[in-house]
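**Q** okay, predicted coordinates and the sequence, questions at the end:
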2 protein chains.
Amino acid sequence: MSRLDSFIRRLEAQRACLNHAAALIAGLDGAVLELGLGNGRTYDHLRSLFPNREIYVCERQIAAHPDCVPPPERLILGDMRETLPAARARLEGRTALAHLDVGTGDAAANLDAADLEALPLPDGIAPGRYHLYRRI
Amino acid sequence: MSRLDSFIRRLEAQRACLNHAAALIAGLDGAVLELGLGNGRTYDHLRSLFPNREIYVCERQIAAHPDCVPPPERLILGDMRETLPAARARLEGRTALAHLDVGTGDAAANLDAADLEALPLPDGIAPGRYHLYRRI
C-alpha cells in the first residue's frame, strides 16, 4: 500500500468515525471539543455534522484556512496541556464529543484511561486505525 | 460537502487518475516525471505503480518524508520554470507520463495547450476535478 493509499484510508476512517459518533451522541445534549485545529478540515466536517452545537477548538497556533477558524469565544489558544485544565470549568460535564487527532503514532503513548470504554469501530475500518471511546 | 469530504474526493480522484494513466502508458517506454514532490505521498504511489521506470521529480525545496525523497540523480531541484527547460535534453522524447499537482485553483491559469488532447476521466470522477491529457 502506498502512502497515498494509506492517507486516503486514514481520512476515510476519520470521517466514518466522526459520522458514527454523531449518530451515537444524537440523543445527548452538549458541546463538541476538537483537540487540534490543523488546517481546519476536520473542524469544517464537525460544523457540518453539528450545526446546532457549540464547537470548542484547542490549538497552539492558528494555521487553518480563514474560513475554518472558529469564533474567538470558542477558540482555546495555547498548549492544550495548559489550556485544557484551565477550560475545565467551561467544558466539564457539558461536552458530548471530544475528537483528538494529535496522536504520536506510538500506540503505547496514546490515550488509554480507566474511565474510557472502547467502542466498536464502524464497518470497514481496520482495528487500531482509529479509536472510539465512551466515557463511563 | 465539508472540506474533509472534498479533500477525500480530490485524493481519490488523484489516485484513480494515476492508476488509469498507468494502464494507458503500459505499452509505452519512458520515464515518469513528477512536478512537485510536496510531502512525497504521490511520489510513493508512483513508485508503487512504476517499479521499473525512472521517476524524475522537480521540487523547489525538499520537505518530504525521508522515505519519500528520490535519489539525487533523479531530483531536479529549484524553481521548475528554470530547471525544466534545463532538464529538456535529459527528458524530451523519453517521458511516458508527467504528473502535475501544482495548479492554482484558477482554471483559466492552468494547463491548456494546442498539442494536448483531453482524455476522458476514470468512472466516478467529476469533470474538472482532475485533468488527463495525451500529447499529440
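**A** Thanks, I have it. Numbers count the residues shown, from 1 in each chain, chains lettered A, B, ... in the order given.

**Q** got the residues of chain A near chain B?
**A** Within chain A, the positions lying close to chain B (C-beta under 8 Å from any C-beta of the partner chain) are A:1-5, A:7-8, A:11-12, A:14-15, A:40-42, A:44-45, A:47-48, A:65, A:68. Placement of C-beta: from N, CA and C, glycine included.

**Q** what about those, which are in helices?
**A** Counted as lying in helices by DSSP state H, out of those, are A:3-5, A:7-8, A:11-12, A:14-15, A:41-42, A:44-45, A:47-48.

**Q** check which helix or strand A:Cys58 maps to.
**A** strand A:55-59 (DSSP states H and E).

**Q** that strand pairs with which strands?
**A** Each strand paired with strand A:55-59, and its direction, by DSSP bridges: strand A:31-35 (parallel), strand A:75-77 (parallel).

**Q** kindly reformat those as CSV containing distance to A:Ala114 and mean pLDDT.
**A** Converted to CSV, the strands paired with strand A:55-59 look like this (distance: least, C-beta to C-beta, whole Å; pLDDT from 0 to 100):
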stretch, distance to A:Ala114, mean pLDDT
strand A:31-35, 20, 96
strand A:75-77, 25, 95
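
**Q** can you pull out the strands in chain A?
**A** Remark: strands assigned in chain A by DSSP state E are A:31-35, A:55-59, A:75-77, A:95-100, A:116-118, A:133-135.

**Q** how about residues contacting the second one?
**A** It refers to strand A:55-59. A:31-38, A:43, A:46-47, A:70, A:74-77, A:80, A:83-84, A:87, A:90-91, A:95 (C-beta atoms under 8 Å, 6 or more residues apart in numbering or on different chains).
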